[in-house]
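A.B. asks: got a structure for you, letters missing:
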């Protein structure tokens, strides 16, 4: 069977070149006689894998030396609790709620202190991003938390909060490695890898060193559960226990692909902007489909749209699947359709989707 165009929001497409490398090395990694899935995490082969993966991730994202990098189980959702446990030092933090996952992160933080909703775009069903420069931040906040790209609603921050003395914590799960990022603007960046980086099952955290060794107000660092303690895990170079070995290996392959085959994140951004432009330009050129997001906040990664009614949405998704365009059904919170066009989606996939959309429109308008 030919490969389909997979528009899933996650787990998502991986670059074919990466999959082929993993396939070639599946039974025997570099003369070890073993698959990466089988080898000890204490072996010389895996030690090389994890060190090379971190080094290539640092190069691709241009991570400064005063930041630690960790590979953790639990996905980004576990980070929702780890962040307040480790960094809610004053007992309060500011959360900007611009979608489902930032809302969930705030709810999790509220279990450990005050998660103050400093701004929200709920009033317009999360179709825009609040002006981060106009927000009245709490000067006592331990940190400001954002979800920088909203997978479900298809929005993205244009600017990010920058407040002297208050670290910025960002969930970048659905946009990491899609464009360059100035890591120095953040105290913490975390992301689930299943969108742009690797198979599901791991989160990566990038933590500024001066933030480590602390804890939420009312508890001591020693009271943080071991597997939720950034300091403990990072001091052991993500090897406190058996790490998610296969995901780390695949992350390394994707970083190599971005660095050596794509040519870095500036080029990746150019490709992503070109793909998104094709789809958004089409959506703006007709009145059968509708994208609800304010134009300046449109995501490069997750493009949401609807047809005239729910029945037509359902027919569209069925016809698209039959034509080889899969996982276009929108999230249950918003309905309609969603095309996730992550790094691995080729430009021809977007071109062919637009051609299909136009054909469907002519048949159903």
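C.D. replies: Perfect, I can see it now. The shown structure was predicted, so the numbers you read here are calculated from the model rather than taken from an experiment.

A.B. asks: For residue 28, pull up the helix or strand it's in.
C.D. replies: For residue 28, there is no enclosing helix or strand under DSSP states H and E.

A.B. asks: Assess the claim that it and residue 34 are in contact.
C.D. replies: Yes. If you go by C-beta atoms under 8 Å, residue 28 and residue 34 touch, sitting 7.1 Å apart. Where C-beta positions appear, they are placed from N, C-alpha and C, glycine not excepted.

A.B. asks: Comparing those two, which residue is more hemmed in?
C.D. replies: When neighbours are counted by other C-beta atoms under 10 Å, residue 34 comes out ahead of the other of residue 28 and residue 34, with 16 against 11.

A.B. asks: what stretches of this protein score poorly on pLDDT?
C.D. replies: Counting by pLDDT under 70, the chain has low-confidence residues at 1.

A.B. asks: Please parse it into its domains.
C.D. replies: 5-15+264-364, 32-261 (automatic domain parsing).

A.B. asks: ranges for the strands of the stretch 51-200 of the chain?
C.D. replies: Secondary structure of the stretch 51-200 of the chain (DSSP state E, counting those that start in this stretch): strands at 67-72, 92-97, 114-120, 144-147, 149-150, 155-156, 168-171, 188-192.

A.B. asks: Distance to residue 295 for those - can I get that in JSON lines?
C.D. replies: As requested, the strands of the stretch 51-200 of the chain are arranged in JSON lines below (distance: least, C-beta to C-beta, whole Å):
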{"stretch": "strand 67-72", "distance to residue 295": "33"}
{"stretch": "strand 92-97", "distance to residue 295": "20"}
{"stretch": "strand 114-120", "distance to residue 295": "20"}
{"stretch": "strand 144-147", "distance to residue 295": "20"}
{"stretch": "strand 149-150", "distance to residue 295": "15"}
{"stretch": "strand 155-156", "distance to residue 295": "11"}
{"stretch": "strand 168-171", "distance to residue 295": "23"}
{"stretch": "strand 188-192", "distance to residue 295": "25"}
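
A.B. asks: Between the ones you listed, which one is closest to residue 276.
C.D. replies: Nearest of those to residue 276, taken as C-beta to C-beta: strand 155-156 at 10.1 Å.

A.B. asks: What helices and strands are in contact with the closest one?
C.D. replies: In terms of contacts (3 or more C-beta pairs under 8 Å, 6 or more residues apart in numbering; DSSP states H and E), strand 155-156 is packed against strand 149-150.

A.B. asks: Can you show me the helices along the chain?
C.D. replies: Taking DSSP state H as the criterion, the chain contains helices spanning 16-24, 44-61, 75-87, 100-109, 230-235, 245-256, 265-284, 310-322, 347-364.

A.B. asks: Could I get those in CSV, plus columns for mean neighbour count and distance to residue 146?
C.D. replies: Output for the helices of the chain, formatted as CSV (neighbours: other C-beta atoms under 10 Å; distance: least, C-beta to C-beta, whole Å):
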stretch, mean neighbour count, distance to residue 146
helix 16-24, 14, 29
helix 44-61, 18, 18
helix 75-87, 23, 12
helix 100-109, 20, 7
helix 230-235, 19, 19
helix 245-256, 22, 23
helix 265-284, 16, 20
helix 310-322, 16, 30
helix 347-364, 16, 27
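
A.B. asks: For residue 163, find the nearest of those.
C.D. replies: Closest among the helices of the chain, using C-beta to C-beta: helix 75-87, at 14.9 Å.

A.B. asks: how many degrees apart are the closest one and strand 188-192 in direction?
C.D. replies: With axes from the mean of the first three to the mean of the last three C-alpha atoms, to 10 degrees as the basis, helix 75-87 and strand 188-192 are set at 150 degrees to each other.

A.B. asks: Next, report how far helix 75-87 is displaced from the centre of its chain.
C.D. replies: 15 Å (C-alpha atoms, centre = their mean, to the nearest Å).

A.B. asks: So which other helices or strands are in contact with it?
C.D. replies: Packed against helix 75-87 by the contact rule (3+ C-beta pairs under 8 Å, 6+ apart) you find strand 67-72, helix 100-109, strand 168-171, strand 188-192, strand 203-208, helix 230-235.

A.B. asks: could I get these as CSV with distance to residue 251?
C.D. replies: As requested, the helices and strands packed on helix 75-87 are exported to CSV (distance: least, C-beta to C-beta, whole Å):
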stretch, distance to residue 251
strand 67-72, 8
helix 100-109, 21
strand 168-171, 17
strand 188-192, 11
strand 203-208, 7
helix 230-235, 16
